[in-house]
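1. Here is a sequence with its predicted model. Questions after.
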Amino acid sequence: MKRHHLGPGHGMALDSLTYTEVMAKHRKFTTLMSAEARICPEIGGNVTFVMQVQKWVLIHDMHLTPGQRGEIFREILICCTKLRYKQGLLKRILAAAEANGFREHPSSDLEDLCCPSCGVHFQADLRDCGTDGKAVVITTWMDLGSRSDVEDLKWNTLVNAGGGRDIVRPNPWEIPRRPGMHRRRFQTAPCTPPQDEDRTECNRLYLRERMYRRVMYSSPATDGFWWYPWNRYGRSGRCN
């Protein structure tokens, strides 16, 4: 936000926050996490900083022991708060997964949900990835505010919900809860540089036939871990 307000000589470039990583250290499943940030206009001419984070848990073998189900349970990331409602939601997701409630194509009618503690908005989907396996996909949107001062209500609510410490402890009920608002704001915001691929489809292609092994960085010191910085293959970020 400092760069947005003060110019290129200040702060981090927005596209430097775009990042994808894959962890493939378990025989039963592979995880992918991608992050992307946009500066989004608000009503009244103000702007706010919104992050989209997507987590894929690609399950290669649905015959899971209770311990393996627990491992997958811990990999399904929504937000950093520990709430009973979220534990129940994750159990429902896993139950739907075990009941084979997967779809081959993305859905346009996914339910928009919201964490009542930190205000993170999210959607959950179950994708059939053919011979690669079946995936639980969680996409979250976080409105981090303008960061114009240390008392920014959005920033402090997210920090405090995760157990962090900050100067101000706002009333969490002051944060707007309208599920889907962050997603729509992010999806309609102008991109710099412009992007012409769908992030969900891009992530699916990374996982298809382990394409991440051919196009991402890896290192002998990080066995089972691959990552994709934004500028690795040019600024378009294409994955097909």
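-> Cool, the structure landed.

2. CA only for contacts and neighbour counts going forward, please
-> OK.

3. Determine the three-state secondary structure at G67.
-> Secondary structure for G67, judged by DSSP: H, G, I helix; E, B strand; the rest coil, is helix.

4. what about it, how many neighbours?
-> Number of residues near G67 (other CA atoms under 10 Å) recorded here: 9.

5. how many neighbours does G145 have?
-> Around G145 there are 19 residues (other CA under 10 Å).

6. what secondary structure does it sit in?
-> Quick answer, by three-state DSSP: G145 is coil.

7. Give me the local confidence score for it.
-> Listed pLDDT for G145 reads 79.

8. cool, S107 as well?
-> Confidence at S107, expressed as pLDDT, is 75.

9. measure the residue nearest to it when sequence neighbours are not counted to G119 for me?
-> Spatial nearest neighbour of S107, excluding adjacent residues (CA to CA, 6 or more residues apart in numbering): D125 at 7.9 Å. Note on D125: its distance to G119, by CA to CA, to the nearest Å, is 20 Å.

10. Could you do S16 as well?
-> Taking CA to CA, one finds S16 at 25 Å from G119.

11. Repeat that for I72.
-> For I72, the distance to G119 equals 24 Å [CA to CA].

12. neighbour count winner among those two?
-> Between I72 and G119, G119 has the larger neighbour count (other CA under 10 Å), namely 25 against 20.

13. R103 contacts D128, correct?
-> Yes - under the criterion of CA atoms under 8 Å, R103 is in contact with D128, at a separation of 5.2 Å.

14. Compare those two (neighbour count), which wins?
-> When neighbours are counted by other CA under 10 Å, R103 and D128 differ, and D128 comes out ahead with 19 against 14.

15. Which strand residues bridge the more buried one?
-> According to DSSP bridges, the residues that bridge with D128 are K134.
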